[in-house]
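Enquirer: sequence first, predicted coordinates after that:
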Amino acid sequence: MQTIKTAQEARSFLRQTSISPINTIGIGISATLIIMFLGWVIFTDRSIENLIFSAVASILLIFVPGLKKVGIAKCGIIILFGKRVGEERFEAGEEAILSEGWHWLPPKICKVLEVDIKERSVTLDSVEVIVRDPNDPKVGFIVVFKNIQVNYIPFSPLRITNTGEQDIDKELKAVAGEAIREKGINLQKTLISTAGSITQGDIMQIFAEDVDEHILKKIDNQSDTDRWGIVVVSAKTPTIEFLDPNTKKAFEASFVESKQRESEKFEAETLADNTKMFIEMGIDKHVALMTAERRTGKLRPSDIVIFRQGTPNNGSTVGEDVIAAQIVAQNKPQP
């Protein structure tokens, strides 16, 4: 069997190895006609009435009982005298399983075992990861992951029946949980390298940035998905929560503080750039600073005075008008 690595390859292989209803129904019609003709030949009086009787009997005894339905998004394994057939043909990539729809199989001697081939999801309710304080191993916090989902598609119904779906789901859950706990080790290393200076945003990024890929690689390295007849196509990043509300509040406060520092730094850089721009326009440096502060909204209108800078010419101002702001301390009312 070819190596299956993606959902597209899995779907393509199932189509390649599936028997169309047209083929089996065609065989059923042919078998019914043969039986009908043989039954009609038996009669010494080969009349039209006997031909009709033979046709009805063949349809009711041969064709109708042999009709089997394979449900939507399912495939059928042919069971002959209680034994699965077509395994070697299937492994060779040849038509061996029944596609969805109505099929005809010889009645009494053949049955159909349906296998669901829809994409499936394995969900872990929650996984707890303990992260230790690098300065004190006895101190730490617990991060809880909820609703971890691993999605996979069957590509070999025969192999799935050999393993059992419950065992497959159990193994996938175990490996996904182990992969999540390894992310806790990565966070521990980051805490040590940053001397414990880490925010909630850092934690979310460390856990979420490549957790999907980490789970998929873990499953690929440690699980025998090929032997099971499945291909794992995706892993969804879980919801991240702190088990202790106080820990959550502390990290949220740290996160808000770090964002506030970033905002203050941006404002200071903007103030410096604007002040430099006004100075380059020929404005006094003190007035330029006040003008820049005015633009940030830090100064109240009652604290400033507006004047124009330029060369008077017949009562007008020549050149570019410049609006500057200056604190008038001497006019401020005393408290």
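Expert: In hand now; what should we look at?

Enquirer: partners of the helix or strand containing residue 151, with directions?
Expert: Under DSSP states H and E, the secondary-structure element containing residue 151 is strand 136-154. Strand 136-154 has its sheet partners listed here by DSSP bridges as strand 120-133 (antiparallel), strand 230-236 (antiparallel), strand 239-242 (antiparallel).

Enquirer: hey, C-alpha coordinates of stretch 115-129 in PDB?
Expert: Provided in PDB are the C-alpha atoms of stretch 115-129 (Å, rounded to 0.1, in the frame of the first residue of the first chain):
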ATOM      1  CA  VAL A 115     -17.200   1.000   8.500                       C
ATOM      2  CA  ASP A 116     -17.500   4.700   9.100                       C
ATOM      3  CA  ILE A 117     -14.900   6.700   7.000                       C
ATOM      4  CA  LYS A 118     -15.900  10.200   8.100                       C
ATOM      5  CA  GLU A 119     -13.300  12.500   9.700                       C
ATOM      6  CA  ARG A 120     -13.300  11.900  13.400                       C
ATOM      7  CA  SER A 121     -12.400  13.900  16.400                       C
ATOM      8  CA  VAL A 122     -10.800  12.800  19.700                       C
ATOM      9  CA  THR A 123     -11.300  15.300  22.500                       C
ATOM     10  CA  LEU A 124      -9.500  15.500  25.800                       C
ATOM     11  CA  ASP A 125     -11.600  17.300  28.400                       C
ATOM     12  CA  SER A 126      -8.600  18.800  30.300                       C
ATOM     13  CA  VAL A 127      -4.900  18.500  30.800                       C
ATOM     14  CA  GLU A 128      -3.100  20.100  33.700                       C
ATOM     15  CA  VAL A 129       0.500  21.300  33.400                       C
END
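
Enquirer: in that stretch, what's buried?
Expert: Buried residues in stretch 115-129, defined by neighbour count with 16 or more other C-beta atoms under 10 Å: 115, 117, 120, 122, 124, 127, 129. C-beta: built from backbone N, CA, C; applies to glycine.

Enquirer: pLDDT check: weakest of the residues you listed?
Expert: Least confident of these in the model: residue 129, at 75.

Enquirer: wait, doesn't it sit right on residue 146?
Expert: No - taking C-beta atoms under 8 Å as the definition, residue 129 is not a contact partner of residue 146, at 11.9 Å.

Enquirer: any stretches of the chain with poor pLDDT?
Expert: 1-2, 44, 131-140, 184-210, 237-238, 240-262, 294-335 (pLDDT under 70).
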